[in-house]
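Q: Requesting a structural model of the entry that follows:
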Amino acid sequence: MADKWYEFAELLDRDALKAILLRHEENLAEAGKEIGCSPRSIKTAMEKHCILTTKERETATREGLRLRRILLGDEE
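A: This is a model prediction of the structure:
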């Protein structure tokens, strides 16, 4: 059965998640091993917290990022 991202305290805390990603150089598989969850759960938590990988940030456009914030309900 697949794990649910919200069952892991480390994934609920944005700063904790960012620290784990930094420690593992954004390698989702390695970060998941540390926490005990799947890479998909890490990615879902990243999406919920609007955390982009370095590669995603490098390829994102300003308008694309604005649209992403709107779609995720973070636009004021």
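
Q: residues in contact with the spatially most central residue of the chain?
A: In the chain, the centroid-proximal residue (CA atoms, centre = their mean) is residue 46; its distance is 1.4 Å. Residues in contact with residue 46 (CB atoms under 8 Å, 6 or more residues apart in numbering) are 17, 21, 52, 53. To be clear about C-beta, it is placed using only N, CA and C from the backbone, and glycine gets the same treatment.

Q: Now the one helix or strand it maps to: buried residues?
A: Here residue 46 is covered by helix 39-48, with elements defined by DSSP states H and E. Neighbour counts over helix 39-48 (16 or more other CB atoms under 10 Å) mark 41, 42, 43, 44, 45, 46 as buried.

Q: got it, and stretch 5-15?
A: Judged by neighbour count using 16+ other CB under 10 Å, the buried positions of stretch 5-15 are 5, 8, 10, 11.

Q: Surely the second one touches residue 32?
A: This means residue 8. No: using CB atoms under 8 Å, residue 8 makes no contact with residue 32, being 9.4 Å away.
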